[in-house]
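S.K.: Can you look at this prediction? I've put the sequence above it.
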Amino acid sequence: MMKKLFKNKMILFGVSFTALLILLTFIIPQVVPLSPLQQDLPARLSSPGAKHIMGTDALGRDVFIRIIYGARISLLVGFVSVTIALLIGVPLGLLAGFHGGWVDNLIMRIVDIMLCFPSIFLILMVITFLEPNIINVMAVIGLTSWPGLTRYVRGEALSVRKRDYISAAKMMNIGRVRILFIHMLPNVIAPVLITATLGIGSAILTESVLSFLGLGVQPPSPSWGNILTSGKNYMGSRAWWLILFPAGAIFLTVLSFNLIGEGLRDHLDPHKKFLKKG
């Protein structure tokens, strides 16, 4: 299966870029002595060159170093917020699909209410009442991302609960928790994995938007969003690198996770496999 996955060019590009980015976030801080907060005022707004390969900002800080340190924050937000969404969405989806009846109705009505609000506006509404920092950003993104995942898992669970091995487990008086997490969960893990991978890219993009608006990671801590904020005053002027490089990092990272998710869907989604054979 792994050989087949890595023959897919979308997955290969996504995994390669993501692995390179993660590797750089560990290697560059150890090799390059520059700090993302270190200022070189005589070199402020220097264009990309041998000394600063992505130029410097208005305070003389190295843009490349700030993007690498910002990648740590973006990847952390992506993985942690999706983990929070999984911890809420998967159990609720399994419960709704397995039990049905009033349990299903209650959970799905809560999901419907959550989905009535556009997620970005709900996040903005909540984050304005909280202190803008990375912990609150991760929590808010995770706590507003689970409804779609719950609905998806519930649909898969409705299909799985009708299968013979679930009926056999019930007849053997196996506990409900064991049925949910030992017998049902492994059989819905493929769509969960696909949704989670796509969700990481979405979370990174949301964090960048919040930081750009000043509601996410606060300066001087580097984040791709607040790097863009510092460069917006120079948009269209000679300091083009302050927009191009952080925007390019966001674009390539989100694209990589989306390509991984789409590639996994091609290989793991049984419905797509059936349509292709047909």
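M.R.: Right, received. Where do you want to start?
S.K.: Would you mind measuring from Ile123 to Gly216?
M.R.: As judged by Cβ to Cβ, to the nearest Å, Ile123 and Gly216 stand 10 Å apart. All C-beta atoms are positioned from the backbone trio N, CA, C, and that covers glycine.
S.K.: which residues sit in contact with the residue nearest the centre of the chain?
M.R.: The residue lying closest to the centre of the chain (Cα atoms, centre = their mean) is Ile200, at 1.4 Å. Going by Cβ atoms under 8 Å, 6 or more residues apart in numbering, Ile200 touches 78-79, 82, 257.
S.K.: Let me have those in TSV, extended by distance to Arg238, secondary structure and neighbour count.
M.R.: As requested, those are arranged in TSV below (distance: Cβ to Cβ, whole Å; DSSP: H, G, I helix; E, B strand; the rest coil; neighbours: other Cβ atoms under 10 Å):
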residue	distance to Arg238	secondary structure	neighbour count
Gly78	33	helix	25
Phe79	37	helix	16
Val82	39	helix	28
Phe257	33	helix	26
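S.K.: what would those residues look like in TSV with distance to Leu149 and pLDDT?
M.R.: As requested, the contacts of Ile200 are exported to TSV (distance: Cβ to Cβ, whole Å; pLDDT from 0 to 100):
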residue	distance to Leu149	pLDDT
Gly78	15	90
Phe79	15	92
Val82	9	92
Phe257	15	92
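S.K.: just to revisit the earlier point, remind me which helix or strand the residue nearest to the centre of the chain belongs to.
M.R.: Using DSSP states H and E, Ile200 sits within helix 185-212.
S.K.: related to what we said a few turns ago, quick one: the residue nearest to the residue nearest to the centre of the chain when sequence neighbours are not counted and Pro220, what's the gap?
M.R.: In this structure, Ile200 finds its nearest non-sequential neighbour in Gly78, 4.0 Å apart by Cβ to Cβ, 6 or more residues apart in numbering. In this structure, Gly78 and Pro220 are 22 Å apart, going by Cβ to Cβ.
S.K.: Kindly provide the distance from Gln44 to Leu115.
M.R.: Not Gln; residue 44 is Arg. According to Cβ to Cβ, Arg44 stands 47 Å off from Leu115.
S.K.: just Leu255 next, same as before
M.R.: 26 Å.
S.K.: just the helices in this structure please.
M.R.: 2-7, 9-31, 63-99, 101-116, 119-127, 134-143, 146-160, 164-171, 176-178, 185-212, 224-231, 241-268, 270-277 (DSSP state H).
S.K.: ok, and what's touching the shortest one?
M.R.: I take that to be helix 176-178. 98, 169.
S.K.: For the chain, which residues score under the pLDDT cut-off?
M.R.: Applying pLDDT under 70 to the chain picks out residues 1-2, 5-6, 235-237, 268-278.
S.K.: rerun that using 80 as the cut-off
M.R.: 1-8, 32-34, 117-122, 124-132, 162, 166-167, 169-170, 173-176, 232-239, 266-278 (pLDDT under 80).
S.K.: tell me the contacts of Ile120?
M.R.: Residues counted as contacts of Ile120 (Cβ under 8 Å, 6+ apart) are 206, 209.
S.K.: Would you mind measuring from it to Ser202?
M.R.: Where Ser202 is concerned, Ile120 sits at a distance of 10 Å (Cβ to Cβ).
S.K.: same question, Gln38
M.R.: For Gln38, the distance to Ser202 - Cβ to Cβ - is 33 Å.
S.K.: Give me the more crowded residue out of those two.
M.R.: Per other Cβ atoms under 10 Å, whichever of Gln38 and Ser202 has more neighbours is Ser202, with 20 against 13.
S.K.: so what's Leu34 up against?
M.R.: Applying Cβ under 8 Å, 6+ apart, we find Leu34 in contact with 62, 65.
S.K.: 10 Å instead, please
M.R.: 28, 40, 52, 61-62, 64-66, 68-69 (Cβ atoms under 10 Å, 6 or more residues apart in numbering).
S.K.: do the same with Val126
M.R.: Contacts of Val126 by Cβ under 10 Å, 6+ apart are 136, 139-141, 143-144.
S.K.: Of those residues - the most surrounded one?
M.R.: Within the contacts of Val126, most neighbours by other Cβ under 10 Å means Ile141, with 28 neighbours.
S.K.: Skipping adjacent residues, who's closest to that residue in space?
M.R.: Closest to Ile141 by Cβ to Cβ, 6+ apart is Ser81, at 3.9 Å.
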